[in-house]
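> kindly generate the corresponding structure for this input.
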Amino acid sequence: MMKKYWRKMMALTCAAAMLFTMAGCGNAEGTTDGAETAQSSTTADGSGEITIQFAEHVADIQAQEPHLQKIITAFEESHPGIKIDITGKEVSEHNTQMTLLAGENKLPDVFWLEQATAKEFAQNGYLYDLTDALDQYGINDSLLPGLVHSCTVDGKDVGMPSEVMMVGFYYNKDLFQQAGIEEVPVTYEEFLDVVDKLNAAGITPLTVGAQDNYSIWAFETMLARYGFFEKLDGLKDGSISWNNEDFIHYFEKVEEMREKGTFTKDISNIGYFEAKEQFLGGNAAMFNSGAWDIGDFEGSDMASKIGFFWGPTFSDSQYEQQIGIKASGGVYVVSSKAAEDPALLDAIMQFWQFYYGEEGTRIIAEDTAALPCSTYNGQIDESQHPVLSTMITALNDDWKAVTEPFNSLSSNVAYGYFDATFGVMTGVYTPEQAADYVENLQSAER
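Model prediction:
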């Protein structure tokens, strides 16, 4: 699921928050077998059926999130008194709409948000406190350990994981072999050697689309290897500037990648989807992306040729290097308005209980070849699902799991960091200018 939230939306959020606030509601009263409660409730039209309004951040749910549609169908069949009315919009349009609806007190019952935005919504009273409900309906027991408490505000759970945010570099095994590359790079020096060999063979090393500034996931891991999380508190209180020696080294590495011809030549003119098409078309050896692309890759002609690695480690950094982003990305939330109706809230939590439970998890892993957020005890056929198997192996390796830096920053600063990195990739910024650009955004929030 791609994350794109234009910085101008922050202004809308702030304006909405100033004009409208909503009181948070209490915890669910239903039980884990509360289907009878839902079925016996009567909606405004007197039908006796509960309908949950669900807003997603993709325009074509059937094509982009097939697991979700399959889970909804299975849930409705087993819960005849509950219907899910799901709608979807492209991510930037979705984010804009949710911000506006929050100000109008017209949010849907359940919807997707980026973590930073979810925290802002919760602080303004727009979201239901899920803390007790996640235990009551057994959802925390189902989630992968690293995804419990995926999004919290003041120690309270305000969101549930929508995906395993697992990101890095996909690579084309055939193109690596064609260029004489025998092993996947681990260190930065090995990475540059791979770039040189690919260029010598006339192969584009890495395709990236700068027109979608959110498509920078693997580079976030690189920033984390330069001490982002260790510096986070200082960045926020002003005791540490973004223009520090470690972050300059990070931006210098990005600059050196550009000078070495790492990125596709049309980086400034394409976006994420075009970059993915280049990779799947065999026109680039590497692609920076994440677990959400497993389904598309599994359905491609080159599924068996795709490998994955976490990205380069750096000898000039004193911080932990064997780390990978293995955390929750965006989150699903429940509006505080929906929680005012006990029967509706019970129906909503029954759906999430099903989604993260055994059947929903099976659908995600087996029917749509995606990484589930819950513990999966089945077996994946590697010959049928080579990419999924590769990603599960990486998910379970001994590299330390970290969260995405994006989710620890405000949307404004996070997208400023994205813009700064792409600015260095395209030669618009020097490393120092890039660091200063983000520092100016951060300092305005201190």
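> got a list of what M165 touches?
Contact analysis of M165 by Cβ atoms under 8 Å, 6 or more residues apart in numbering lists 290-291, 325-329, 403-404. To be clear about C-beta, it is placed using only N, CA and C from the backbone, and glycine gets the same treatment.
> can you check V424 too?
V424 makes contacts with 251, 254-255, 258, 430-431, 434, as judged by Cβ under 8 Å, 6+ apart.
> derive a ChimeraX selection command for the buried subset of those residues.
To isolate in ChimeraX the members of the contacts of V424 that are buried, counting by 16 or more other Cβ atoms under 10 Å, one can use:
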select :251,254,255,431,434
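> among the contacts of V424, which ones are in helices?
Helix and strand membership here follows DSSP state H; of these, those in helices are 251, 254-255, 258, 431, 434.
> skipping its backbone neighbours, what lies nearest the residue minimising distance to the centre of the chain in space?
Most central residue of the chain, judged by C-alpha distance to the mean C-alpha position with Cα atoms, centre = their mean, is G329 at 3.1 Å. Distance criterion Cβ to Cβ, 6 or more residues apart in numbering; nearest residue to G329, sequence neighbours excluded, is M165 at 3.4 Å.
> hey, C-alpha coordinates of the helix or strand hosting that neighbour in PDB?
M165 is part of strand 164-172, with elements assigned from DSSP states H and E. Provided in PDB are the C-alpha atoms of strand 164-172 (Å, rounded to 0.1, in the frame of the first residue of the first chain):
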ATOM      1  CA  VAL A 164       3.500  -5.600   7.400                       C
ATOM      2  CA  MET A 165       5.700  -2.700   6.500                       C
ATOM      3  CA  MET A 166       8.700  -4.700   5.200                       C
ATOM      4  CA  VAL A 167      10.900  -2.800   2.800                       C
ATOM      5  CA  GLY A 168      14.100  -3.100   0.900                       C
ATOM      6  CA  PHE A 169      15.500  -3.900  -2.500                       C
ATOM      7  CA  TYR A 170      14.000  -6.400  -4.900                       C
ATOM      8  CA  TYR A 171      16.400  -7.600  -7.500                       C
ATOM      9  CA  ASN A 172      16.300  -9.500 -10.800                       C
END
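> and the following helix or strand past that strand, what does it pack onto?
Using DSSP H and E, the helix or strand that follows strand 164-172 in sequence is helix 173-178. Under the contact criterion of 3 or more Cβ pairs under 8 Å, 6 or more residues apart in numbering; DSSP states H and E, helix 173-178 touches helix 188-200, strand 306-309.
> looking at the ones you listed, which is buried most?
strand 306-309 (a mean of 20; mean count of other Cβ atoms under 10 Å).
> ok, now how distant is the residue nearest to G329 from K106?
As defined by Cβ to Cβ, to the nearest Å, M165 lies at a distance of 29 Å from K106.
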